[in-house]
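In: Build the 3D model from these lines:
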Amino acid sequence: MEHSLAPTALIEGHTDVAPGTTVGPGTWIRFGTSLSGSALAGGVFVGFRCRLDGVRVAGGCQIASLARIGRPGAAPVAIGAGAWIGARAVVEPGVRIGPGAVVAAGAHAVEDVPADAIVVGRPARVLRRREVVQDEVPDFTAIIDRVRARGDAGRVPLPAHWTSDGGGFLDAALSGGPGVRLGAGVIAMGRPDGPSPRGGVRVGAHVRIGAGAILEGSGGIDIGSEADLGDGVLVVSSGHDLSRRSLPWQDGPVRVGAGVVIGAGATIVGPCRLGDGAIVAPDSVVVGDVPAGGFTAGVISTASPARQALSRS
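Out: Residues are numbered from 1 along each chain as shown. Below you'll find the predicted structure:
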């Protein structure tokens with residue numbers, strides 16, 4: 001069985017689209033994602049290194065980086081129009097996500113989510129319902145056109161005195177160093193000519209960014225000297241206004257202080273500031289500030305419940 005890809009869809013490199021998958025017009029699939037046995041309608045966004053197996057996605061949905069939805073050979077997942085699946089969220093087979101629902105970053109959906117509900121946690125629970133202005137549905141046409149027009153999309157050169165183990169996707173305004181080391185497969189995005197003039201990734205001296213890390217710098221990421229970001233860390237510097245059906249973009253800058261250690265597999269969602277010397281345990285989800293010298297583990301939110309739900313790429 002062949003797959004069906006609309007000619008106006010943007011499907012980036014290192015994306016695996018298995019036979020039997022359909023991708024509709026105006027849909028944007030980012031680097032490293034895997035799609036199997038799934039049907040994506042028009043106007044869908046899927047972030048970096050997601051995995052969708054047996055998923056039916058209606059128009060206007062947004063799925064953030066590292067989401068895991070469905071499982072091969074299991075009951076299908078259905079995601080309603082305009083829903084939003086946050087970064088590193090997990091949706092189990094057979095679950096139905098209602099139209100306009102929000103599954104927050106790191107949440108684990110094991111049962112159906114009602115329309116316009118916001119769910120958080122592991123397992124996911126309803127935090128509240130959205131009250132929304134019924135404006136337009138999300139539309140990625142303009143940004144897709146801008147990305148297509150870039151001659152260096154995904155191929156930004158490293159600054160002097162940086163080293164990389166290669167194999168990633170560098171589409172960010174990168175600056176800083178010296179002595180910055182990128183592990184294999186690092187993804188970085190965000191430029192000042194994007195939605196925010198603060199877009200980009202600025203890094204102090206002697207910083208290590210581990211293999212497979214993803215730095216989503218559209219709202220700006222600043223990393224202090226001698227910080228250490230472990231393998232598979234995800235840093236997200238943007239969100240969206242849940243009060244409008246169109247989910248307009250909002251910046252959420254992230255500031256990582258000097259000497260900060262972020263453990264492997266952790267997720268950091270801005271706006272937030274990690275003070276000098278802070279430690280984030282592996283696999284944590286951090287939404288909000290961490291004081292200098294502080295230690296966090298698990299799912300940590302020092303932000304308001306509403307801001308916790310604004311957790312996507």
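
In: mind listing the helices for the stretch 201-313 of the chain?
Out: Ranges of helices within the stretch 201-313 of the chain are 305-309, based on DSSP state H, counting those that start in this stretch.

In: which residues sit against the helix or strand harbouring Asp145?
Out: Using DSSP states H and E, Asp145 sits within helix 141-149. Counting contacts by Cβ atoms under 8 Å, 6 or more residues apart in numbering, the residues outside helix 141-149 that touch it are Thr8, Leu10, Gly26, Trp28, Ala153. Every C-beta, even on glycine, is put in place using the N, C-alpha and C of the backbone.

In: now, which of the residues you listed lie within strands?
Out: Leu10, Trp28 (DSSP state E).

In: Show the buried residues in the contacts of helix 141-149.
Out: By neighbour count, with 16 or more other Cβ atoms under 10 Å, the contacts of helix 141-149 hold Leu10, Gly26, Trp28, Ala153 as buried.

In: Which pair in those has the greatest spatial separation?
Out: Gly26 and Ala153 (17.6 Å; Cβ to Cβ).

In: Tell me the buried residues in stretch 155-163?
Out: Val156, Trp162.

In: Just the mean pLDDT for that stretch, thanks.
Out: For stretch 155-163, mean pLDDT is 91.

In: ditto for stretch 144-152
Out: 81.

In: can you check stretch 237-255 too?
Out: 90.

In: Please identify the buried residues of that stretch?
Out: Neighbour counts over stretch 237-255 (16+ other Cβ under 10 Å) mark 237-240, 242, 245-247, 249-255 as buried.

In: Same check on stretch 6-22?
Out: Ala6, Ala9, Leu10, Ile11, Glu12, His14, Thr15, Val17, Thr21, Thr22.

In: what about the nearest residue to Leu158 once chain neighbours are set aside, how many neighbours?
Out: Excluding its sequence neighbours, the residue lying closest to Leu158 (Cβ to Cβ, 6 or more residues apart in numbering) is Ser164, at 5.8 Å. Residue crowding around Ser164 was assessed by other Cβ atoms under 10 Å; the count is 16.

In: Quick check: the residue nearest to Pro282 when sequence neighbours are not counted vs Ala211, distance?
Out: Nearest residue to Pro282, sequence neighbours excluded (Cβ to Cβ, 6+ apart): Gly263, at 3.4 Å. Separation of Gly263 from Ala211 (Cβ to Cβ, to the nearest Å): 14 Å.

In: Can you pick out the residue with more neighbours from the two?
Out: Gly263 (20 against 17).

In: Report the contact partners of the more buried one.
Out: Contacts of Gly263 (Cβ under 8 Å, 6+ apart): Gly230, Val233, Ile279, Val280, Ala281, Pro282, Asp283, Ser284.

In: Could you find the closest non-adjacent residue to the last one?
Out: For Ser284, the nearest residue in space outside its immediate sequence neighbours is Ala266; the separation is 4.7 Å by Cβ to Cβ, 6+ apart.

In: Just confirm the one you found contacts Val287, I think it does.
Out: No. Taking contacts as Cβ atoms under 8 Å, Ala266 lies outside contact range of Val287: 11.7 Å.

In: Please say which of those two ends up with more neighbours.
Out: Val287 (29 against 26).

In: what is that one paired to in the beta sheet?
Out: Val269, Ser301 (DSSP bridges).

In: Touching, it and Ala107? I think so.
Out: No. Using Cβ under 8 Å as the test, Val287 is too far from Ala107 to be in contact (11.6 Å).

In: quick one: low-confidence ranges for the stretch 51-200 of the chain?
Out: Along the stretch 51-200 of the chain, no part satisfies pLDDT under 70.

In: One more pass at 90, please.
Out: For the stretch 51-200 of the chain, applying pLDDT under 90 flags the ranges 132-157, 177, 193-195.
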